[in-house]
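Participant: What would the 3D arrangement of this be:
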Amino acid sequence: MNRTRYQVAILALVNSLWLVCAPLPGQDAVKATSISTVYVSRILEGMVVGVDVTTDQIVCILHTGTNPAEVAVVDSLSRAFVADLTDGTVTVIDTISQSVTDTIDVGHPVAAAGADQTTEMVYVLDFSNGTPGTNIHEIDADTGIEVADVAVGSRLQNIALDPDESTAYLTDFVDGVLVLDTSSLTVTTTVPLADLPHGVAVHPGLDRLYVTQIDSDSVKVLNTANLAVVGTLSVGDAPQWIGVDTIRNKAFVTNEGDGTVSVIDLGTNTVASDTISVGAEPLTGTVHEASAKAYVYNAGDGTISIINTITETVVATLDPVFGDGFESGDTTAWSAAVP
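Facilitator: Below is the predicted model of the structure:
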């Protein structure tokens, strides 16, 4: 299966101090002073959903733009930034009050999003499904002002940040992988890759970059020190997102075409022989290292598969059911099933 870009929504992770997801009370904290929440965007529903990583229950529903995509969170400011595929906007969410506080117009549909926790800058990429997506937009997370809009690519797809090196890695269907100096927003190196490079993740501790290639059902492994390709790993059908668990040195890859997740041992650069069966058309996800879980969004059936990254098994499946309660913000319109 060949899909050019998001037809569903994206997940992002936030660890916010004293996070309270109204209207549901009594959420347990992962740490003494914090609650961890995974935000899930539903592209055709105009909403972002919060899932508590301790209870794996839906704790809040927020209205955003027309087609919300990826979410980037700046922990120090307790703010989440939601890119929108249609409106050309970035919605700002206060993660303490769980309310929308601002909408930033960036002038072009945007999808991929990432945040630099050190500089408190947010980056969103032009959406390029059928139209050129060339620009990266830099937003000051504190002021909510777009401070830069720079053409860098041809058909931009995803972004992974290595803040220690002031570097961002951008996948591009035409150009391959672009290495961006985030201090100047200039491309310093381009690594040509074929077969629709899409998902991207960096492991700073191993000096490795991982890129999914949709058309070849593979993951390229690059050495970030010299950007040489040091491996090609075969995964499932039409790999999309890749997420890294740096604690356990594993990567998880969503295979849209066969409804599975592949697991890569990053220490040995080997792919587990058994894949993890999830929902239909898994496109994207996020890894929560502290709770040893990966959250995978399945576009085909709208479910969220929760994977234990230690046992590599699905431990819960959330099945969001939208009803009349959505309009009033009533979370009883949702249900959760544990297999």
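
Participant: CA atoms for contacts and neighbours, from now on please.
Facilitator: Noted.

Participant: Tell me how far Val219 lies from Ser99.
Facilitator: When CA to CA, to the nearest Å is applied, the distance between Val219 and Ser99 equals 38 Å.

Participant: again with Gly243
Facilitator: Gly243 sits 28 Å away from Ser99, going by CA to CA.

Participant: These two: which has the busier surroundings?
Facilitator: A direct count of neighbours by other CA atoms under 10 Å for Gly243 and Ser99 places Gly243 higher, at 24 against 17.

Participant: So the more buried one lies in a strand, does it not?
Facilitator: Yes - if the criterion is DSSP: H, G, I helix; E, B strand; the rest coil, then Gly243 is within a strand.

Participant: Check it and give its pLDDT.
Facilitator: What the model reports as pLDDT for Gly243 is 96.

Participant: How about Gly300?
Facilitator: Gly300 is assigned 88 on the pLDDT scale.

Participant: For it, which three-state class applies?
Facilitator: In the three-state summary, Gly300 is assigned as coil, counting by three-state DSSP.

Participant: my guess is it meets Ala280, correct?
Facilitator: Yes - using CA atoms under 8 Å, Gly300 and Ala280 qualify as a contacting pair, with a distance of 4.5 Å.

Participant: Who has more neighbours out of those two?
Facilitator: Taking neighbours as other CA under 10 Å, Gly300 and Ala280 compare with Ala280 leading, 19 against 15.

Participant: Isn't the more buried one up against Tyr297?
Facilitator: No - contact between Ala280 and Tyr297 fails when scored by CA under 8 Å: they sit 9.3 Å apart.

Participant: starting at the chain centroid, how far to the top strand by length along the chain?
Facilitator: For the chain, the longest strand by residue count, based on DSSP state E, is strand 34-42. A distance of 11 Å separates the centroid of the chain from that of strand 34-42, by CA atoms, centre = their mean, to the nearest Å.

Participant: pLDDT of the following helix or strand past it, averaged?
Facilitator: Sequence order places strand 47-52 as the next helix or strand after strand 34-42, per DSSP states H and E. With pLDDT averaged residue by residue, strand 47-52 scores 84.

Participant: what angle separates the following helix or strand past strand 47-52 from strand 47-52?
Facilitator: Proceeding N to C from strand 47-52, the next assigned helix or strand is strand 57-63, under DSSP H and E. Note on geometry: by axes from the mean of the first three to the mean of the last three CA atoms, to 10 degrees, strand 57-63 and strand 47-52 are set 160 degrees apart in direction.

Participant: and strand 57-63, which strands flank it?
Facilitator: strand 47-52 (antiparallel) (DSSP bridges).

Participant: Can you verify my assumption that Thr286 contacts Gly243?
Facilitator: Yes - Thr286 is in contact with Gly243 according to CA under 8 Å; the separation is 6.2 Å.

Participant: How far away from the center of its chain is whichever helix or strand Ile136 is part of?
Facilitator: Take DSSP H and E as the rule and Ile136 turns out to sit in strand 135-140. From the chain centre to the centre of strand 135-140 is a distance of 17 Å (CA atoms, centre = their mean).

Participant: Report all helices and strands that that strand contacts.
Facilitator: Counting contacts by 3 or more CA pairs under 8 Å, 6 or more residues apart in numbering; DSSP states H and E, strand 135-140 is packed against strand 121-126, strand 145-151.

Participant: tell me what the first one is packed against?
Facilitator: By that I understand strand 121-126. Packing contacts for strand 121-126, counted by 3+ CA pairs under 8 Å, 6+ apart, involve strand 110-116, strand 135-140, strand 156-162.
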